[in-house]
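Asker: 3D model of this:
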Amino acid sequence: MPMTAMHPEKGRIDATVPDLGCGWAWGAVHRVRPRAALTCPECGHGVRAKVSHLGLRFFAHDPGAPTCGLAGESMEHRLLKVELVTAVREAGWHGALEVSAPDGRWRADVMATSPDGTLRMAWEAQLSSITEGDVRQRTDRYTSDNIQICWVATQPRRWRGSVPSVLARPPVEGQRTAWEVTEGLARFVTEPCLHRPPCPGGHGEWQMAQAPLRELVSWILGRRVVPHRYLEPERLVEHWWQQVWTSPQYVSLAADFAKARRRARRRNTATGTVQVVPLDGSDPLSMAREAAFRMTGVWPSRPRTSLRFNSRSHRGDQGAASSKASKDHGDPRLIAAAEAWVQAETGGHPLVKADQELAGGTPVYLDGSVYGIVCPDPDQLDWQRWPGRRVWVLFVACRGELKRIAVSAPNGVRIVILDDPDP
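Answerer: Predicted coordinates for the structure are as follows:
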């Protein structure tokens, strides 16, 4: 049921505007005789002015109407459109309902136009099911016409976050009086590390934030909130988001935090550090545990501990020959632990290529370059082949592998024990 209608003399009239957008009162079209000559702007069929039991004004199709996209809208859909157009107008922009492209390529539920007429933004109230491919295609049509867009859903659709979108919750009588955004608005939060020794640079992560829908509309139109696309999808609220709405300050903060973590990582790599990362740690503040949970769905239960060493001190201790390296480098648990460690250490998104082999182990990539090796074969670590380059982080499964590598490793090599069966 449309919220707008066409009149042969007044043109388009809008039920959500007190003067219908043409200087008429609602009584000029509602329950008048003879009936006002109104038609649907979408299909051209006759419509009549009506008022719902909630007091919402709209136009209903006359009997025998053809198939029309505006005819099957639910009451919740109409209420959401009214909320959006009201928010646009309160933000100082011109808001129009059910606006179609001249060639019919798109039809916006709400079209916001800046006061000077130079900017347009479409707001789509998408309550019915739609495929991700269709959402992307419709988004591309707006983009090709230089129109920004935000999709507003009330159910957790799979496509949310693949296009500019938010998840909104309708008001509940007696509990809330306004529409509220529950997903899609994010902020970047940092905090110092409480471990001993602390993680370099502290911890930082993206978190979802909530706000009234009208405030979000005002922030977006005022450029106080902008769309932000992650380099890699971010798991927020049990869903992978490719992009969110956030403040430009949070975008800068996240970029600065990532740079600081990379600088700290380079400093630590130069000192020569062995870190023991048990697969069953228990420290709830550990970034590695949080990252492992996001990636594997399993909380480790033992704490992460760390050691420092000078590799030359192990030259006389060969230890038992560990044949586990060649067997364990493809172990999913070890790979998941290595991914979690790299993500916690750098704030980046590592990529483990299990189908490749480097020095007898599995390479771990970060930003397109090799960052480390999972369970390398100590006999295949040819340090002379890598002079002058940054030494990769080596992830091993036990202390036996650590000792075999430390015998020949130059100072500054960083080794991380992913499992510590004999602490």
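
Asker: from now on I want contacts and neighbour counts done on CA atoms only, so please keep to that.
Answerer: OK.

Asker: tell me the SS of Leu253?
Answerer: Look at Leu253: counting by DSSP: H, G, I helix; E, B strand; the rest coil, its state is helix.

Asker: so what pairs up with the closest residue to it other than its chain neighbours in the strands?
Answerer: Spatial nearest neighbour of Leu253, chain neighbours left out: Phe188 (7.1 Å); criterion: Cα to Cα, 6 or more residues apart in numbering. Legend: beta-bridge partners of Phe188 under DSSP bridges are Trp206.

Asker: quick check, Phe188 in contact with Ala255.
Answerer: No. If you go by Cα atoms under 8 Å, Phe188 and Ala255 don't touch, sitting 10.1 Å apart.

Asker: do you know how far the residue nearest to Leu253 is from Thr4?
Answerer: Per Cα to Cα, to the nearest Å, Phe188 is found 41 Å from Thr4.

Asker: more neighbours: those two, which one.
Answerer: Neighbour totals were compared for Phe188 and Thr4, and Thr4 leads with 28 against 19 (other Cα atoms under 10 Å).

Asker: all strands of the stretch 51-200 of the chain, in order?
Answerer: 57-61, 94-100, 107-113, 120-125, 148-153, 165-169, 180-191 (DSSP state E, counting those that start in this stretch).

Asker: state the mean pLDDT of the second one.
Answerer: Averaging the model's pLDDT scores along strand 94-100 yields 90.

Asker: ok, back up a step: tell me the contacts of the residue nearest to Leu253?
Answerer: The neighbours of Phe188, taking Cα atoms under 8 Å, 6 or more residues apart in numbering as the test, are 204-207, 250-251, 253-254.

Asker: and if we set it to 7 Å?
Answerer: 204-207, 250, 254 (Cα atoms under 7 Å, 6 or more residues apart in numbering).

Asker: now render those as CSV, adding pLDDT, neighbour count and distance to Ile373.
Answerer: Converted to CSV, the contacts of Phe188 look like this (pLDDT from 0 to 100; neighbours: other Cα atoms under 10 Å; distance: Cα to Cα, whole Å):
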residue, pLDDT, neighbour count, distance to Ile373
Gly204, 84, 20, 25
Glu205, 86, 16, 25
Trp206, 91, 15, 28
Gln207, 91, 16, 30
Tyr250, 92, 17, 33
Ala254, 89, 19, 27
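
Asker: Ile149: which of those is nearest?
Answerer: Using Cα to Cα, Tyr250 comes nearest to Ile149 of those, at 21.2 Å.

Asker: now the closest one, nearest residue through space, not along the chain?
Answerer: In space, and not counting its chain neighbours, Tyr250 is closest to Phe188: 5.5 Å by Cα to Cα, 6+ apart.

Asker: go on, His61?
Answerer: Closest residue to His61 apart from its sequence neighbours, by Cα to Cα, 6+ apart: Val47 at 4.3 Å.

Asker: what does Arg235 give?
Answerer: Trp241 (6.1 Å).

Asker: isn't the one you found right up against Glu234?
Answerer: Yes. Assessed by Cα atoms under 7 Å, Trp241 is found in contact with Glu234 at 5.2 Å.

Asker: against Arg35, how distant is Trp93?
Answerer: On the measure of Cα to Cα, Trp93 and Arg35 end up 33 Å apart.

Asker: who's more crowded, the two?
Answerer: More crowded of Trp93 and Arg35, by other Cα under 10 Å: Trp93, with 23 against 12.

Asker: pretty sure the more buried one sits against Met111.
Answerer: No. Using Cα under 7 Å, Trp93 is not in contact with Met111, being 9.7 Å away.

Asker: so Thr39 touches Ala5, yeah?
Answerer: Yes. At 5.6 Å, Thr39 and Ala5 qualify as touching, with contact defined as Cα under 7 Å.

Asker: look at the two and report which has more neighbours.
Answerer: The neighbour comparison of Thr39 against Ala5 (other Cα under 10 Å) goes to Ala5, with 26 against 22.

Asker: and whichever strand or helix holds the more buried one, what does it pack against?
Answerer: Element membership for Ala5, per DSSP states H and E: strand 4-7. Secondary-structure packing of strand 4-7 (3 or more Cα pairs under 7 Å, 6 or more residues apart in numbering; DSSP states H and E): strand 11-14.

Asker: please enumerate residues in contact with the strand it packs on?
Answerer: Applying Cα under 7 Å, 6+ apart, the set of residues contacting strand 11-14 is 3-6, 20-22.

Asker: correct me, but Ala122 touches Met111?
Answerer: Yes. Using Cα under 7 Å, Ala122 is in contact with Met111, at 4.7 Å.

Asker: what segments of the stretch 251-400 of the chain are helices?
Answerer: 287-296, 324-328, 332-346, 399-408 (DSSP state H, counting those that start in this stretch).

Asker: could you give the mean pLDDT of stretch 225-232?
Answerer: For stretch 225-232, the mean per-residue pLDDT is 87.

Asker: okay, buried residues for it please.
Answerer: Within stretch 225-232, the residues that qualify as buried are 225-229, counting by 16 or more other Cα atoms under 10 Å.

Asker: stretch 240-250 now?
Answerer: 240-247, 250.

Asker: quick check: which element contains the residue nearest to His61?
Answerer: Here Val47 is assigned to strand 47-51, by DSSP H and E.
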